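> show me how the following folds:
(2 chains)
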Amino acid sequence: MVEKKIYSKLGEKLANGDFILTGELEPEKTCDLSHTIQEAKEMAPYVVAANVTDSPLGIVTINSMAASHIIQKEAGLEVIWQLTVRDVNKLGIAGMIMGGHALGLRNVLSLTGDHPALGDMPESKPVFDLDSATLVRLVKEMVDKGTINGHEIEHPPTLHVGAAANPNADPMEAEILKIGRKAQAGCEFIQTQVVYDLDRTIEFLSEIKKYNVPVLLGIFPMKSYGIAKGFDTFVPGVDVPKDILAKWKNIKTEFKDDKKEQKRVYDQANYEFFKPFISELKRKGLLAGVHCMAVHYPRIFPKLMEVIQA
Amino acid sequence: MVVITTKKPVEEVLNVLKDNNAKKLFLVSCGVCSALCQTGGEQGLEEWKEILEKEGYEIVNGLVVDDVCDNREMAKVVRKNDADIQNADAIVTLSCGLGVQSTIEVLSKKHPQKKVFVTNNTEFMGMTERIGRFYMRCRGCGDCLLNETGGICPITTCAKSLMNGPCGGMVNGKCEVGNYEKDCGWVLIYNRLKEIGRLDLFSKLRDPVDWSESGHQREVIWR
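I've put the predicted structure just below:
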């Protein structure tokens, strides 16, 4: 068996089989990343790495490669550079992979990207020259073979490449077979869409276990009732369970006069929901770790560490 | 197969004619595809005659031509109506984009300065359910995948033209583009391949589209 090469802390932890936590940072429409860097610094003691998003929902933000580099440099936190195939053709993406490496990036998450029609520049040309699986394959060719389309790269990049999976997808089998394609392309890790349904998640993760790709489970701890409700309403395909919404609503009203206590109770409620959820999946050997997608909620990380380490 | 067209706003066409100082017009109306789309044919020709005459334009001649897009047909029209073409400030085609360009090409030898305008927008090469219901099912990519995708084209039915879908924008079999009203092309492909017992084809990792051949002006020349 060929020894797996390690290029990053994330790669190392996954190879060691450590149960890990990753976070998410969402740079906005700004050239000043100080808020994001601050958030990165707050989560840095707890997470192995954090994703840096690439214009989610097709709403244009600062470029994710530039933001990833700056965050990594300024916050000292390893990043997982999210790269969509939405905006750049194959030729441009190959150049970006070399550029990303040269800027010190060592993990890349291959994503399709939300269609420009959803965002704030809907008239943009949707590129999608590659797709999320063929981007994985391109990165693997560049890293493992040191070539692009068979042409030699003088100093090839060294990055780990991951991909996304959606346990909520219906029909599920189509999604499972798609993960098979990503695995075939050489995907080294998977981060899932946010999940709340334990039975469905067990079914999905059990099915994709055969592909032998470590899975980081996407979770979304809810900072407040408003966030929970908004997530339930505006994120298509993800339903926050009714009892959770009711519990969060109750916290909102019961502790409306004591914000400090309210925060503590929200954090505790997240802990109580996610602890058994994650423990069960961990016990079944279905997870390599957890990916927390709750942006602007860094105070939850100490609690999540307790969940991870339980 | 029909080239599906829709009518340009009348104002837009009138502005183009005004901008080009074209007052005497020769109308050429497509008798095939545009006739079916009710953007050409006899009906379209009558509509445009009425609009233009009301606006003070002189209609030198108006003809329905079977295949405006066929150089041979248009060459006949030009030959038979040379005096009217000479007399007209511009030719107005009630056709698809092919009709306009075919007309320009045919006119290029004898009337290189003759202006040609179009009243329609060309939408796509379409499948007809019935008049007034036309659907894009093929983009003419030049490298047909249908034998491997259960007869459903991902380049056309997937909003992102992905070769390895469905993407994360699929919810309950519907596509994120258009507010989850249209079917996800890759779920249609999955359902079809499942039905015919060929999910092995769905599992295959497909190469990206090869744009080296299809990304520029294509020609089919075999004689």
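
> when you work out contacts or count neighbours from here on, use the C-alpha atoms and nothing else.
OK.

> tell me the residues on chain B that lie near chain A, please.
Residues of chain B found near chain A (CA under 8 Å from any CA of the partner chain) are B:160-173, B:176-177, B:187, B:190, B:202-209.

> please list only the buried members of these.
Buried subset of the residues of chain B next to chain A (neighbour count, 16 or more other CA atoms under 10 Å in any protein chain shown): B:160-173, B:176-177, B:187, B:190, B:202-203, B:205-206, B:208-209.

> what about A:Lys210, distance to A:Gly180?
9 Å (CA to CA, to the nearest Å).

> of those two, give the one with the bigger neighbour count.
A:Gly180 (22 against 10; other CA atoms under 10 Å in any protein chain shown).

> how much space between A:Pro167 and A:Ile208?
Distance of A:Pro167 to A:Ile208, computed by CA to CA: 10 Å.

> looking at the two, which one has more neighbours?
Shown here are A:Pro167 and A:Ile208; by other CA under 10 Å, A:Pro167 has more neighbours (25 against 22).

> what does the pLDDT read for that one?
If you check A:Pro167, the pLDDT there is 97.

> repeat for B:Met1
64.

> also A:Lys4?
Per-residue confidence at A:Lys4 stands at 79 (pLDDT).

> let me see the contact set for it.
A:Ala15 (CA atoms under 8 Å, 6 or more residues apart in numbering or on different chains).

> looking at the residues of chain B next to chain A, which are in helices?
B:187, B:190, B:202 (DSSP state H).

> now the residues you listed as CSV including distance to A:Leu10?
Shown next, in CSV, are those (distance: CA to CA, whole Å):
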residue, distance to A:Leu10
B:Val187, 33
B:Tyr190, 34
B:Phe202, 31
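
> in CSV: those, plus distance to B:Gly150 and pLDDT.
Supplementary listing: these in CSV, determined by distance: CA to CA, whole Å; pLDDT from 0 to 100:
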residue, distance to B:Gly150, pLDDT
B:Val187, 11, 98
B:Tyr190, 8, 98
B:Phe202, 9, 98
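
> not counting sequence-adjacent ones, nearest residue to residue 124?
With no chain named, the answer covers chain A. Closest residue to A:Ser124 apart from its sequence neighbours, by CA to CA, 6 or more residues apart in numbering or on different chains: A:Pro116 at 6.2 Å.

> chain B was what I was after
B:Phe124's closest residue in space is B:Ile4 (CA to CA, 6+ apart), at 5.4 Å.

> just B:Phe134 next, same as before
B:Phe134 sits nearest to B:Thr128 (CA to CA, 6+ apart), 4.7 Å away.

> burial check on that neighbour, number of neighbours?
16.

> wait, a strand at it?
Yes: membership of B:Thr128 in a strand is supported by DSSP: H, G, I helix; E, B strand; the rest coil.

> now the closest residue to B:Asp70 other than its chain neighbours: which helix or strand?
Distances taken as CA to CA, 6+ apart place B:Ser102 nearest to B:Asp70, at 6.7 Å, with adjacent residues excluded. Assigned by DSSP states H and E, B:Ser102 belongs to helix B:97-107.

> who touches the following helix or strand past that helix?
Downstream of helix B:97-107, the first helix or strand assigned by DSSP H and E is strand B:115-118. Strand B:115-118 has contacts (CA under 8 Å, 6+ apart) with B:13, B:89-97, B:100, B:103-104.

> now stretch A:123-138
For stretch A:123-138, contacts defined as CA under 8 Å, 6+ apart pick out A:84-90, A:94, A:110-112, A:115-117, A:148, A:161-163, A:181-182, A:185-187, B:160-164, B:205-209.

> where does pLDDT dip in chain B?
B:1, B:215 (pLDDT under 70).

> mind listing the helices for it?
Here chain B has its helices, by DSSP H, at B:10-19, B:33-36, B:41-54, B:71-80, B:82-87, B:97-107, B:154-157, B:185-195, B:199-202, B:211-214.

> who's in contact with the third one?
With contacts defined as CA under 8 Å, 6+ apart, helix B:41-54 is touched by B:27-32, B:34-35, B:38, B:58-59, B:62-64, B:94.

> and the furthest pair within the residues you listed?
B:Val32 and B:Glu58 (25.6 Å; CA to CA).

> which one of those two has more residues nearby?
Per other CA under 10 Å, whichever of B:Val32 and B:Glu58 has more neighbours is B:Val32, with 20 against 17.

> surely the more buried one and B:Asp66 touch.
Yes: counting by CA atoms under 8 Å, B:Val32 does reach B:Asp66; the two are 5.8 Å apart.

> for B:Gly40, see how far away the residue nearest to B:Phe134 is.
Distance, B:Thr128 to B:Gly40, by CA to CA: 17 Å.

> what does chain A put close to chain B?
Counting by CA under 8 Å from any CA, the residues of chain A close to chain B are A:112, A:114-115, A:117-118, A:126-134, A:165-166, A:169-171, A:174-175, A:177-178, A:180-182, A:184-185, A:236-237.

> just the buried ones among those residues, please.
Listed as buried from the residues of chain A next to chain B are A:112, A:114-115, A:117-118, A:126-134, A:165-166, A:169-170, A:174-175, A:177-178, A:180-182, A:184-185, A:237; burial here means 16+ other CA under 10 Å.

> okay, domains of chain B per the record?
B:2-125, B:143-214 (automatic domain parsing).

> now those as JSON lines including distance to A:Gln191?
Putting the domains of chain B into JSON lines (distance: least, CA to CA, whole Å) gives the following:
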{"stretch": "domain B:2-125", "distance to A:Gln191": "38"}
{"stretch": "domain B:143-214", "distance to A:Gln191": "12"}
